[in-house]
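S.K.: show me how the following folds:
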Amino acid sequence: MRRDRRKNDKCLNCDAALQSDWEFCPACGQENHSVKVPLRTIIKDFLGDYFTFDSKLFRSLRPLFFKPGFLTIAYNSGKRVRYIPPLRMYILISVVFFFVINRSHHPLFGKDKQEIRKQSHISLEVGGHELIYQDMMAFQYDVDKQGMEAYMDSVGAVTSFDKWIVKRMYRLSDQGKEAIGDQIFHGISISMFVVLPMFALLLFWVYRKKRWLYVEHLIYSLHLHAFIFFYGAVLAVVNRFVFEINGWVWNLILALPYVVYAVWSLKVVYGGTLRYTLGKFFILLLLYIVLIFICLASGVIVSIITI
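M.R.: As a prediction, the model looks like this:
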C-alpha cells in the first residue's frame with residue numbers, strides 16, 4: 001500500500017535510526033510516519049485485533065491507573081507499539097464497567113421473569129385519574145380480558161398520549177420493570193459515547209492556546225474516561241461483594257481519586273502550574289456537569305420513548 005505521509009529519521013518509539021524511505025522501524029516494527037495522527041488512524045488501530053488480551057493490555061493498565069497522563073503523552077509523542085491503542089482500551093473498559101454496574105446494582109438480579117412481574121407494580125395517570133395495580137400480571141390480565149380498545153375506553157384513555165401510555169405499559173408488562181431499567185441503562189451507556197468526543201471539544205476550547213489538534217485532546221479524553229470507568233467498576237465490585245458504600249462521607253472519600261487523577265493528568269499532559277491547572281479543572285468540571293446532564297437526560301428520554 002502506498003504511503004505518502006511524512007517520514008522521520010528516528011523511530012519515535014525506540015529511537016532507532018531510520019532511512020527516509022523506510023515504512024517501518026526494523027527494531028520495534030512501528031510504522032514510520034509523523035506523530036500528528038489523523039482520526040482515521042485511531043479508528044484503524046481500534047479495529048485491528050478488536051479485543052486482543054495480550055501483554056499490551058496489562059502493560060497499559062498499570063500506567064493508566066497509577067501514572068495519570070503518561071499514556072496520553074506516550075501516544076501523542078509517537079510511542080504507540082508498547083501500549084494498547086486508546087480507543088480499544090476505552091471500549092474494552094467501558095464494556096466491563098457497564099456490565100459490572102448493571103449486574104451489581106440491579107435490584108432484581110438473580111430473579112426469574114415471573115417473580116419480576118409479580119414484584120413490579122404499576123401506577124400511572126390516565127384519563128384524569130390514577131390507575132394502580134399491585135403487579136404487572138394483573139394489569140396485563142385486565143387488558144387481555146377486555147381487549148385493548150375496550151380497556152382504554154373503560155379507563156378514559158381518549159387522548160393520543162393516554163393511549164400511547166397504556167399501549168407502552170402493556171408492552172412492558174410482559175417483562176416487568178427490568179425491561180425499563182435495561183432499556184434506560186442501554187440509553188445511558190450509548191450517551192456516554194457522545195460525552196467523550198464532546199469533552200474533547202471542551203478541552204480543545206479550554207486549552208486553545210496550545211494549538212493542539214482535536215485528535216490530541218481526544219486521546220486524553222479516551223484515557224481519562226477509561227480511568228473513570230475502570231475505577232467505577234472497582235467501586236461497584238467493592239460495594240457488591242466487600243462492603244456497602246453508604247453515606248455522604250464514604251461517597252466523598254471515594255470520589256477524591258477522580259478529582260486527584262483529573263487534576264494530576266491535566267497538569268502532566270498540558271503543563272502549567274498547579275494553580276493554573278486547578279483553574280482549568282474547575283472550568284472543565286462545570287462544563288462537564290452540564291454536558292453529562294444534557295447527554296444522560298437525552299439518553300433516558302430516548303430510551304423511554306423507544307421502549
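S.K.: which stretches of the protein form helices?
M.R.: Using DSSP state H, the helices assigned to the chain run over residues 39-47, 55-66, 70-76, 86-105, 113-118, 136-146, 148-154, 160-172, 177-206, 214-241, 248-270, 274-305.
S.K.: measure how the fourth one sits relative to helix 214-241, angle-wise.
M.R.: An angle of 20 degrees separates the directions of helix 86-105 and helix 214-241 when computed by axes from the mean of the first three to the mean of the last three C-alpha atoms, to 10 degrees.
S.K.: just for this structure, where's the confidence low?
M.R.: 1-7, 33-55, 104-146, 148-149, 151-185, 245, 247-249, 303-307 (pLDDT under 70).
S.K.: can you rerun that using 50?
M.R.: Residues of the chain meeting the criterion pLDDT under 50: 1-4, 106-119.
S.K.: for residue 270, which non-adjacent residue is spatially closest?
M.R.: residue 207 (5.6 Å; C-beta to C-beta, 6 or more residues apart in numbering). To be clear about C-beta, it is placed using only N, CA and C from the backbone, and glycine gets the same treatment.
S.K.: who's in contact with residue 265?
M.R.: Going by C-beta atoms under 8 Å, 6 or more residues apart in numbering, residue 265 touches 68, 69, 72, 220, 223, 224, 227.
S.K.: would you list those in CSV and tack on neighbour count and distance to residue 84?
M.R.: As requested, those are exported to CSV (neighbours: other C-beta atoms under 10 Å; distance: C-beta to C-beta, whole Å):
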residue, neighbour count, distance to residue 84
68, 22, 17
69, 19, 16
72, 24, 13
220, 26, 16
223, 26, 11
224, 25, 16
227, 23, 14
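S.K.: which one among these gets closest to residue 296?
M.R.: residue 224 (17.6 Å; C-beta to C-beta).
S.K.: surely the closest one meets residue 263?
M.R.: No: at 11.3 Å, residue 224 and residue 263 do not qualify as touching, with contact defined as C-beta atoms under 8 Å.
S.K.: how many other residues sit next to residue 205?
M.R.: For residue 205, the neighbour count with other C-beta atoms under 10 Å is 12.
S.K.: again with residue 13
M.R.: By other C-beta under 10 Å, neighbour count at residue 13 equals 20.
S.K.: now the one 10 residues further on
M.R.: The tally of other residues near residue 23 (other C-beta under 10 Å) stands at 13.
S.K.: cool, and the one 4 residues further on?
M.R.: Residue 27 has 13 neighbouring residues, counting by other C-beta under 10 Å.
S.K.: what of residue 286?
M.R.: 10.
S.K.: if I look at it, how far off is residue 206?
M.R.: From residue 286 over to residue 206 the distance is 11 Å, taken as C-beta to C-beta, to the nearest Å.
S.K.: could you do residue 279 as well?
M.R.: 10 Å.
S.K.: more crowded one of these two?
M.R.: Between residue 279 and residue 206, residue 206 has the larger neighbour count (other C-beta under 10 Å), namely 18 against 13.
S.K.: pretty sure the more buried one contacts residue 280?
M.R.: Yes: Residue 206 is within contact range of residue 280, at 5.7 Å (criterion: C-beta under 8 Å).
S.K.: returning to that earlier point: need the contacts of residue 265 in JSON lines with distance to residue 193, can you?
M.R.: Output for these, formatted as JSON lines (distance: C-beta to C-beta, whole Å):
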{"residue": "68", "distance to residue 193": "22"}
{"residue": "69", "distance to residue 193": "23"}
{"residue": "72", "distance to residue 193": "19"}
{"residue": "220", "distance to residue 193": "17"}
{"residue": "223", "distance to residue 193": "16"}
{"residue": "224", "distance to residue 193": "14"}
{"residue": "227", "distance to residue 193": "17"}
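S.K.: which of the residues you listed sits closest to residue 102?
M.R.: Distances from residue 102 to the contacts of residue 265, taken by C-beta to C-beta, are shortest for residue 227, at 20.0 Å.
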